[in-house]
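In: Provide a 3D model corresponding to the input given below.
(one chain, ligands or ions: 1)
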Amino acid sequence: MRHSAPRSLRLLASHVRPHRWTIGCGALLGLLGSVGSLAEPLVAMAVVDALAEGSPLGGLLALLTVLVVGGALITGLGSYVLQRTAESMVAAARERLVSHILMLRVPEVDRLRPGDLLSRTTSDTTLIQSAAGQALVDSGSAVLAVVGSIVLMAWLDPLLLGVCLAVIAVIGVGAAVMLPPIRRASERSQRAVGEVGALMERSLGAFRTVKASGTEHREISSARAAVRRAWRSGVRGAGWMAVTNVTAVLAGQGAFLVVLGVGGARVATGALDVSELIAFLLYLMRLTGPIGQLVQGVGGLQSGLAAMRRIDEVERLPVERDGPVPRKARTGTSAASVSFTDVSFRYHDDAPPVLRDVTLTVPAGGLTALVGPSGAGKTTLFSLIERFYDPSSGTVALDGTDLREMPLAQVRSMIGYVEQDAPIMAGTLRDNLCYAAPDSDEEEVRRVVALTRLTDLVDRLPDGLDTEVGHRGTALSGGERQRVAVARALLRRPRLLLLDEATSQLDAANETALRAVVADVARTTTVMVIAHRLSTVTDADQIVVVDGGRVRAVGSHTALMVSDGLYRELIEAQLLDA
Ligand SMILES: Nc1ncnc2c1ncn2[C@@H]1O[C@H](COP(=O)(O)OP(=O)(O)OP(=O)(O)O)[C@@H](O)[C@H]1O
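Out: Residues are numbered from 1 along each chain as shown. This is a model prediction of the structure:
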């Protein structure tokens, strides 16, 4: 996504706007500090004159001291206020980005790499600080110092000022030429840092597979290549910055020598006093610092703008609109019915359809099992019920209401969903169980723990429910992870329970137990199971055979054994496996 420079500046303005008053305050303090330091050479000039004339110096020296100390204190305070504001801008940008990313639509997150998103949230936002901190803060006070010095230099000697302005023009042209490469280098560097994040996320996400495959070194060299790319771009940017700095320093030194020569000649002819030349040189020396700050600041602005563009790319992705609906606002507690009417769906505009003209009714209450070959579209049907995606055509309805006409959070609050991979989150077992229903009381938790046959596990764990189950649930077995996921879904007291292959990792005893749980739950709740196990299927009130994105047949086990060849094949294949 390409951005024009004015758009980037508008973005910067949108970050700055909420803090304009504090920035104004800090700038005002900086201005006061600069006024103090601008007055110093004039007082120094008066001191030189007083020395020449033999007048008393006490008052002038006291004034000079006040100006020096007071100016330094006020400048320090101003810089603190502005740096603090820059930190607040970074914090606000991070909060905004985190909220935006968590509210993104599922299809958008499918396309993005989590590691890159992480890097945009942590590292790119830090660069806003260089745009806000250095560019706005330092450059703001530097501009004041430069403008003030120029005005006072014009008052002292317009001719000498002409020389200085020529110097500033050289620096300006130099900076203008060097800024675009600095910005490009910074953008490339941040992109490469994002790639490092994405690669690390990939390796850490499949750490055991990496170890088992012996691919550590391959992963290291991929990450190293991205690190080197970031390094190269960083070094290129540093090179351009160095050239810009050298231009500024050379121009500053050159100006000093020219002013000394021309000024000395003017003192010799009597056109200028020595004290005026000293004051002028003091102003000139004072210009070097702020000009250096300006150059650094404009460089920082380039990195900041590059980062802001990467943040903006994410912030322009569409989000799910409505917020969470409180539990109380849920409509009823009875089992919900589900219906698909002529539903077709494709994941991308240019991809083949994954579902074709699916029409299916799942009555309220009871157990409906979805069976079919791998890749038939069963999980996709669940994703449409959860409204992770909207159908390309046709409607999906809950209790007869089109999902698109209900608040999204209300749809999700009605459903308990157990994913195929049943993720466990870092935290205690209780955190995991109550994740979707944090207000569940102890009794409710214990009941569901017993229902899902997790009591033994809880008794075995050193701190019971309050035991840390580790990052990604590594302390739990596959079967335990899946039962925790089922318990988590049940604690939400769903009107519709979606289990995606929930029994695939359970041993025979637990599977029988869980089957009893599912049967229990199905008495009051609609349960849809993507089933690969014969046991779940034979118990089901209704079995839906899905093949190639179509609903091929619907019926009971006995009826389908007679009427549907594919179903019979699936069942027979499983009997052979068993
Ligand atoms: N996020 C996605 N983006 C693009 N294509 C996808 C996505 N998720 C699934 N698919 C494709 O959609 C098709 C149906 O997948 P789905 O997961 O619904 O099948 P399934 O019947 O649940 O299979 P399984 O029993 O193996 O889990 C597959 O061809 C799959 O490659």
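In: my guess is residue 535 meets residue 514, correct?
Out: No. Applying C-beta atoms under 8 Å, one finds residue 535 not in contact with residue 514, separated by 9.6 Å. Heads up, the C-betas are built off the backbone N, CA and C, glycines and all.
In: neighbour count winner among those two?
Out: The residue with more neighbours, out of residue 535 and residue 514, is residue 514; 23 against 16, by other C-beta atoms under 10 Å.
In: so which residues of the protein form strands?
Out: Counting by DSSP state E, the chain has these strands, from start to end: 338-345, 355-362, 366-371, 393-398, 401-402, 415-418, 496-500, 526-530, 542-547, 550-555.
In: nearest to residue 220, of the ones you listed?
Out: Closest approach to residue 220 among the strands of the chain (C-beta to C-beta): strand 496-500, 34.8 Å.
In: output that closest one as PDB, restricted to C-alpha atoms.
Out: This file holds the C-alpha atoms of strand 496-500, laid out as PDB (Å, rounded to 0.1, in the frame of the first residue of the first chain):
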ATOM      1  CA  LEU A 496     -25.700 -24.300  20.600                       C
ATOM      2  CA  LEU A 497     -22.600 -26.300  21.100                       C
ATOM      3  CA  LEU A 498     -20.200 -26.800  18.200                       C
ATOM      4  CA  LEU A 499     -17.600 -29.600  18.700                       C
ATOM      5  CA  ASP A 500     -15.100 -29.900  15.900                       C
END
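In: coming back round to it: could you export the strands of the chain as TSV, including mean neighbour count, mean pLDDT and distance to the ligand?
Out: Listed next are these as TSV, based on neighbours: other C-beta atoms under 10 Å; pLDDT from 0 to 100; distance: least, C-beta to the nearest ligand atom, whole Å:
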stretch	mean neighbour count	mean pLDDT	distance to the ligand
strand 338-345	19	96	9
strand 355-362	19	95	8
strand 366-371	24	93	8
strand 393-398	19	95	14
strand 401-402	14	92	22
strand 415-418	23	91	13
strand 496-500	24	92	7
strand 526-530	27	94	6
strand 542-547	22	95	6
strand 550-555	18	94	12
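In: spell out which residues of the stretch 401-550 of the chain are next to the ligand.
Out: Residues of the stretch 401-550 of the chain lying close to the ligand (C-beta under 6 Å from any ligand atom): none.
In: any low-confidence regions in the stretch 401-550 of the chain?
Out: Counting by pLDDT under 70, the stretch 401-550 of the chain has low-confidence residues at 470-474, 502-506, 510.
In: likewise the stretch 101-250 of the chain?
Out: Short version for the stretch 101-250 of the chain, where the test is pLDDT under 70: 130, 132-138, 140-141, 168, 171.
In: can you find the residue of it that comes nearest to the ligand?
Out: residue 110 (4.8 Å; C-beta to the nearest ligand atom).
In: let me see the backbone angles for residue 437.
Out: phi -140, psi 70 (degrees, to the nearest 10).
In: that one: how many residues sit nearby?
Out: Based on other C-beta under 10 Å, the number of other residues close to residue 437 is 20.
In: quick check: domain ranges of this protein?
Out: What automatic domain parsing lists as the domains of the chain is 5-315, 335-414+495-578, 426-493.
In: quick one: closest of those to residue 321.
Out: Ranked by C-beta to C-beta, the member of these that lies closest to residue 321 is domain 335-414+495-578, at 7.1 Å.
In: give me the distance from the closest one to the chain's centre.
Out: 34 Å (C-alpha atoms, centre = their mean, to the nearest Å).
In: just stretch 412-428 next, same as before
Out: 22 Å.
In: list the buried residues in it.
Out: 412-420, 422, 424, 428 (16 or more other C-beta atoms under 10 Å).
In: got TSV for those, with distance to residue 129 too?
Out: What follows is the buried residues of stretch 412-428, written out as TSV (distance: C-beta to C-beta, whole Å):
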residue	distance to residue 129
412	37
413	39
414	44
415	42
416	43
417	40
418	43
419	38
420	41
422	40
424	36
428	36
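In: tell me which two of these sit farthest apart.
Out: The largest separation in the buried residues of stretch 412-428, counting by C-beta to C-beta, is between 414 and 428 at 27.1 Å.
In: what parts of the stretch 201-350 of the chain come near the ligand?
Out: Counting by C-beta under 6 Å from any ligand atom, the stretch 201-350 of the chain sits next to the ligand at residue 347.
In: list the contacts of the residue of the stretch 201-350 of the chain found nearest the ligand.
Out: Of all residues in the stretch 201-350 of the chain, residue 347 sits closest to the ligand, at 3.5 Å by C-beta to the nearest ligand atom. For residue 347, the contact set (C-beta atoms under 8 Å, 6 or more residues apart in numbering) comprises 107, 110, 354, 389.
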